[in-house]
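[1] Fold the following and give me the result.
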Amino acid sequence: MDEKLPYDDCQRPVGWVQPRQRCARLRRNVLRIVGVVALLWCLHQLLFPSPTISCRFPYQEALRGTELKVPLEAHIMSKCPDAKDCLQKLVLPTMANASDKIDFKLSFIGRTTDHDDGVECPHGQTECLGDIIELCAATLYPDPKIYLGFAMCLTRDYSEIPQRSLVEDCALEHGIDFGKLNDCSSKDDGAYGIRLLRESVERSNDLDVHISCTVRLADKVRCVRDGGQWKDCDDGAEPEDLIRDVNSLYENGEH
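    As a prediction, this is how the structure comes out:
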């Protein structure tokens with residue numbers, strides 16, 4: 001005679017569940033209770049915060065250093081000796097020590113016109129081309145470690161800008177593809193590069209910046225290099241002075 005199971009699927013008494021189902025139901029109930037307790041605890045911490053416990057999610061700390069970087073901008077002319085001194089003696093050392101806290105931008109000084117393709121540079125059209133080359137480098141390689149180093153390399157021999165040999169040597173030194181740089185400068189028969197320069201010059205003019213080199217920190221003029229002299233550097237013109245200010249703004253979130 002065939003043995004019969006105590007219950008088949010159609011004969012289970014009402015409310016009967018297998019042990020595995022009971023465990024699953026118990027786990028769900030426990031998770032619900034834990035969730036409610038965690039929610040109540042966080043609400044209590046938000047209303048009555050503990051000095052040592054926080055309900056902030058970890059990603060908020062992870063965002064620190066990206067959204068909160070301090071704006072630092074250098075306004076230059078590519079064939080200006082003051083730009084060379086400014087980058088070499090102040091901007092580069094600051095970036096070398098605090099780049100993780102800085103949102104850096106390189107802008108150019110000139111005058112917009114209705115002739116000469118819409119931009120006039122103080123040291124002539126060769127300077128305009130030098131500006132465009134440096135802007136193309138920043139567009140193609142947005143990491144300041146690359147394009148700022150490249151700009152400094154050109155500026156060290158600013159009188160030779162924009163000679164091909166100088167541009168090629170500096171591009172090679174800083175891992176920049178000279179072919180891409182050349183394509184950017186000549187794109188759309190040069191209109192693309194001119195547009196980059198015009199937008200940069202307009203930015204400097206809108207900010208009433210006309211001296212190369214002008215360094216702006218957190219949207220305020222921090223220091224000016226003019227005629228071989230530092231000017232308007234009330235808080236110091238040494239790299240450690242600027243680094244101190246960057247660290248202070250970064251830590252206090254005052255920017």
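[2] Please name every helix or strand in contact with whichever strand or helix holds Ala83.
    Taking DSSP states H and E as the definition, Ala83 sits inside helix 81-86. Judged by 3 or more C-beta pairs under 8 Å, 6 or more residues apart in numbering; DSSP states H and E, the packing partners of helix 81-86 are strand 70-76, helix 144-156, strand 220-226. In short, each C-beta sits where N, CA and C put it, glycine included.
[3] now it: mean pLDDT?
    The predicted model gives helix 81-86 an average pLDDT of 97.
[4] still on that earlier bit, make TSV out of the helices and strands packed on helix 81-86 and add mean pLDDT.
    Putting those into TSV (pLDDT from 0 to 100) gives the following:
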stretch	mean pLDDT
strand 70-76	98
helix 144-156	97
strand 220-226	98
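[5] what's the most buried one of those?
    Stretch with highest mean neighbour count among the helices and strands packed on helix 81-86: strand 70-76 (a mean of 24; mean count of other C-beta atoms under 10 Å).
[6] Listing partners with orientation, what would you give for that one?
    When pairing is defined by DSSP bridges, strand 70-76 lines up against strand 102-108 (parallel), strand 214-217 (antiparallel).
[7] As JSON lines, these with distance to Val91 would be great.
    As requested, the strands paired with strand 70-76 are exported to JSON lines (distance: least, C-beta to C-beta, whole Å):
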{"stretch": "strand 102-108", "distance to Val91": "8"}
{"stretch": "strand 214-217", "distance to Val91": "7"}
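[8] Deepest-packed of these, please.
    Among these, the stretch with the highest mean neighbour count (mean count of other C-beta under 10 Å) is strand 214-217, at a mean of 23.
[9] Using CSV, write out every CA atom in it.
    Only the C-alpha atoms of strand 214-217 are listed here, as CSV (Å, rounded to 0.1, in the frame of the first residue of the first chain):
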residue,chain,number,x,y,z
THR,A,214,46.7,89.0,-12.3
VAL,A,215,46.0,86.2,-9.9
ARG,A,216,42.4,85.9,-8.6
LEU,A,217,41.6,83.7,-5.6
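[10] got a list of contacts for that strand?
    The contact list for strand 214-217 (C-beta atoms under 8 Å, 6 or more residues apart in numbering) reads 70-75, 86, 90-91, 109, 207, 209, 221-225, 242, 245-246, 249.
[11] same question, stretch 165-173
    For stretch 165-173, the external contacting residues (C-beta under 8 Å, 6+ apart) are 133, 137, 149-150, 153-154, 157, 160, 176-178, 181.
[12] Please enumerate the strands of the stretch 1-150 of the chain.
    70-76, 102-108, 111-112, 119-120 (DSSP state E, counting those that start in this stretch).
[13] how about the strands paired with strand 70-76, which one is nearest Gly190?
    Go through the strands paired with strand 70-76 one by one with C-beta to C-beta and the one that ends up closest to Gly190 is strand 102-108, at 16.1 Å.
[14] where along this structure do the helices fall?
    Secondary structure of the chain (DSSP state H): helices located at 19-47, 58-62, 81-86, 92-98, 125-140, 144-156, 164-173, 178-186, 191-206, 239-252.
[15] can I get the CA coordinates of the fourth one in PDB?
    Listed next in PDB are the C-alpha coordinates belonging to helix 92-98 (Å, rounded to 0.1, in the frame of the first residue of the first chain):
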ATOM      1  CA  LEU A  92      53.200  76.700 -10.200                       C
ATOM      2  CA  PRO A  93      54.500  76.200  -6.600                       C
ATOM      3  CA  THR A  94      51.000  76.700  -5.200                       C
ATOM      4  CA  MET A  95      49.600  74.200  -7.600                       C
ATOM      5  CA  ALA A  96      52.400  71.800  -6.800                       C
ATOM      6  CA  ASN A  97      51.400  71.800  -3.100                       C
ATOM      7  CA  ALA A  98      47.600  72.300  -3.100                       C
END
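[16] Pull the residues that contact stretch 179-190.
    Contacts with stretch 179-190, where a contact means C-beta under 8 Å, 6+ apart, come from 117, 129, 132-133, 136-137, 139-140, 167, 171, 192-193.
[17] buried stuff in that stretch?
    When neighbours are counted by 16 or more other C-beta atoms under 10 Å, the buried residues of stretch 179-190 are found to be 181-182, 184-185.
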